[in-house]
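Asker: following is a predicted model, sequence given first.
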There are 2 protein chains.
Amino acid sequence: MIVSKEFLVNFERKGSLKEVFPKVEEIIDMVKRDGDDALINLTERFDGVKLRYIEVPSEEIDDAYDRVDDELVDALEAAKENISNFHYITMVDRDIRLDFDYMVLGKKYTPVESAGIYIPGGRASYPSTALMGGLPAKIAGVKRLIACTPPDDSGGINPLTLVACDIVGFDRVYAVGGAQAIAAMAYGTETIKRVEKIAGPGNIYVTAAKLLVQRDVAIDMPAGPSEILVIADESANLEFVSLDIAAQLEHDPSSIAILLTDSREFAEKVEKRVSELIESKNLYTCILKIEEAIELSNLLAPEHLSLVFKNADNWIDKIENAGSVFIGDYSPVAAGDYASGTNHILPTSGYARMYSGLSVETFLKHITYQKIEKNGLRKIGDSILRLAEAEGLKLHKKSVEERLK
Amino acid sequence: MIVSKEFLVNFERKGSLKEVFPKVEEIIDMVKRDGDDALINLTERFDGVKLRYIEVPSEEIDDAYDRVDDELVDALEAAKENISNFHYITMVDRDIRLDFDYMVLGKKYTPVESAGIYIPGGRASYPSTALMGGLPAKIAGVKRLIACTPPDDSGGINPLTLVACDIVGFDRVYAVGGAQAIAAMAYGTETIKRVEKIAGPGNIYVTAAKLLVQRDVAIDMPAGPSEILVIADESANLEFVSLDIAAQLEHDPSSIAILLTDSREFAEKVEKRVSELIESKNLYTCILKIEEAIELSNLLAPEHLSLVFKNADNWIDKIENAGSVFIGDYSPVAAGDYASGTNHILPTSGYARMYSGLSVETFLKHITYQKIEKNGLRKIGDSILRLAEAEGLKLHKKSVEERLK
């Protein structure tokens, strides 16, 4: 569908969280109150599955290796290597320690002690998300790493997902999905010990739950339907662009694709080709000059941004808001989804204006510290005394005054 | 009051947000619906003040300099310099670009386009918070920086706070406080343009509002009552420790102080001295060995942690969770509050287990990017094809297959 710029600016991509909040709040309260029992009952109600266990037993994980093709295990290992490499390099020593005369100021980074990764599942399975969520946490140094993922029809977990979890080194995997999984990781149950940080993508119930538990634990970011924005000129490969768009649309009926191009002919061809590849009404195209397209893209802050036009390389500096950017004909979004090394857990729905994709930083926090000597305190004392007095904090003032005597 | 370790472990420091959520949700809805009118009405209702303006006029800011002592302006400038220095140094170039054979992977940081800082106020004024919230945002490169702070009885803003805002370089200052200020910054009104990120400390209503608007904007962190935890042995200066504790307790009746010491005698002396300095029941002391005290402190994750015992320097590596650490007799918390350079907007209530204090990173986000050549895609193609197939994403597979032909 060819639409106007205004249509795209005002397009609401978040989905209506408001409607699900009361229901999700209820689920959270049930888990807080009834613990494991709530998980069992809610899984039966929402997933239509009788759980065989909440924590996946270790024999089942050993077993999973027998049930999975060796080639697939190799594919996971290869993906693991690339993802680990990229994320290790970003795990630079960022600690700072400044030694002035009479004063030391420092900033040191420490990992969160524990983290929980939500891995979508159920009928489909997403072993790649186990890698993308888990590996950065391990690299950051998280001591206790758990995963929650919904059970399949048998009440167990897809073996490939289990292998992926094992390759990452998750300490525990739980066969629980939906809002109840987020509640369990946030508040704990008899079986699941609460964690400090929850990350990973999920549906609207999972997202609503993540938003609601934020008064008690930290989350990576909220998430909406996944999306791609392509900026293309006529030099782009029609088939590749169409396939990237169609691939994004196959995720979910609510997935969205936007094509911004300076060629109406190209737009029409892509629309036609995409409609052959997939049945979806969620491709929006808009005819714009490349420069305008970049500006609009920065406003929309897409999850995946594909740049396929002449000299696209030169435009990366102009990109201000996006989850991950794919430049040129041979950089399909699928490469980043699985194996190039960048992370595929990314902010959607315009959240890239204020959130980053998942990274080692998701699992790090910092502490500042200072050691001041008497002479150092003398240097800054005046400023403290005056400001403390102006703010009416007499004991603050006195705490410095007394030391300067 | 001398208490047990168990008492402290189970001590709830967050305040009961749950009770205020419905009221705050209502305030947010009013601001969304009625814009400026809601701000005017709510300010009259909650602050008992008739606003003279929503946006502070520039003449009023010029005027503020005449109304403020020159020495106080100098004190703000001195504090600004130290805070800027420390935060500039942490603003390292963290962009990464990896050039492999046939593949470029990168990660680049960009600031949020706009940010809003909440500066508590009303009867008291906190110009120091204008510096602590605003300077890191400016250093990070935020283009549009606004502040909201509650009006005093005259319906205007304290001149020292205005001078502080001007020194920082805020683009706009609004005379609005409370949950309505957070709602205005999150959703916009006729006068206040919405921002991408909201930061700064506040009371329970402000915190509840920050938590509720997170479905639409990012926040720095939730906040509870401010607090100090002191770990001391008998070598610590009794008067200094007592003053730091009393200074923390003067912030607010809900502020909390915890003293962990291996000396019952020292504990009793501090309790006695603090009770002379301030009337408060919120000092809890516990007799513990230093090693145990560090462990308990890591569990409690205090906002301010004061280490005043023999060889305290050597223990900084063992600190895993805290907002900011103050080492030795001459490092009062008040130094970090105003002028040493570290930030005073810090996670309270155990939130330091998962959040960091405010920093330049609060206002930065990153974008990953990749440019792959055909040969590069060939190298990782197998892994992608296998995993995409296993996840049932046929078009993802095809998007790579087609490129490898």
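Answerer: Done, it's in. The shown structure was predicted, so the numbers you read here are calculated from the model rather than taken from an experiment.

Asker: so A:Ser383 makes contact with B:Ala79?
Answerer: Yes: checked against C-beta atoms under 8 Å, the pair A:Ser383 and B:Ala79 is within contact range at 5.2 Å. (Each C-beta comes from the backbone N, C-alpha and C, glycine too.)

Asker: so what are the domain limits for chain A?
Answerer: A:17-219, A:224-356, A:373-404 (automatic domain parsing).

Asker: so of the ones you listed, which one's packed in deepest?
Answerer: Comparing those by mean neighbour count (mean count of other C-beta atoms under 10 Å in any protein chain shown), domain A:224-356 ranks first with a mean of 22.

Asker: give the contact list for A:Glu113.
Answerer: Counting by C-beta atoms under 8 Å, 6 or more residues apart in numbering or on different chains, A:Glu113 touches A:142-144, A:196, B:320-321, B:353.

Asker: which of the residues you listed fall within strands?
Answerer: Using DSSP state E to define strands, the subset of the contacts of A:Glu113 located there is A:Arg144.

Asker: interface residues of the stretch 1-150 of chain A facing chain B?
Answerer: Neighbours of chain B within the stretch 1-150 of chain A, by C-beta under 8 Å from any C-beta of the partner chain: A:14, A:17, A:71-72, A:74-76, A:78-79, A:82, A:86, A:89-90, A:92, A:94, A:96, A:98, A:103-108, A:110, A:112-113, A:124-128.

Asker: what stretches of the stretch 101-250 of chain A score poorly on pLDDT?
Answerer: Applying pLDDT under 70 to the stretch 101-250 of chain A flags no residue at all.

Asker: just the ones of the residues of the stretch 1-150 of chain A next to chain B in strands?
Answerer: Going by DSSP E, the strands hold A:96, A:98, A:103-108, A:110 from those.

Asker: report the two of the residues you listed separated the most.
Answerer: Farthest pair in those (C-beta to C-beta) is A:Met103 and A:Thr110. Separation: 22.6 Å.

Asker: related to what we said a few turns ago, overlap in contacts, A:Ser383 and B:Ala79.
Answerer: Contacts common to A:Ser383 and B:Ala79, judged by C-beta under 8 Å, 6+ apart, are B:338-339.

Asker: now render the contacts of A:Glu113 as a markdown table, adding distance to A:Gly202.
Answerer: A markdown table is the format used below for the contacts of A:Glu113 (distance: C-beta to C-beta, whole Å):
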| residue | distance to A:Gly202 |
| --- | --- |
| A:Val142 | 20 |
| A:Lys143 | 24 |
| A:Arg144 | 21 |
| A:Glu196 | 19 |
| B:Glu320 | 29 |
| B:Asn321 | 27 |
| B:Arg353 | 23 |
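
Asker: for A:Pro161, give me its contacts.
Answerer: No Pro there; residue A:161 is Thr. Taking C-beta under 8 Å, 6+ apart, one finds A:119, A:121, A:125-127, A:130, A:149 in contact with A:Thr161.

Asker: how about A:Leu8?
Answerer: Applying C-beta under 8 Å, 6+ apart, we find A:Leu8 in contact with A:258, A:284, A:286, A:296, A:300.

Asker: likewise for A:Pro222?
Answerer: With contacts defined as C-beta under 8 Å, 6+ apart, A:Pro222 is in contact with A:207, A:210-211, A:349, A:351, A:355, B:214-215.

Asker: state whether it is indeed within a helix.
Answerer: No: read with DSSP: H, G, I helix; E, B strand; the rest coil, A:Pro222 is coil and lies in no helix.

Asker: list phi and psi for it.
Answerer: Main-chain torsions, A:Pro222, degrees, to the nearest 10: phi -70, psi 160.
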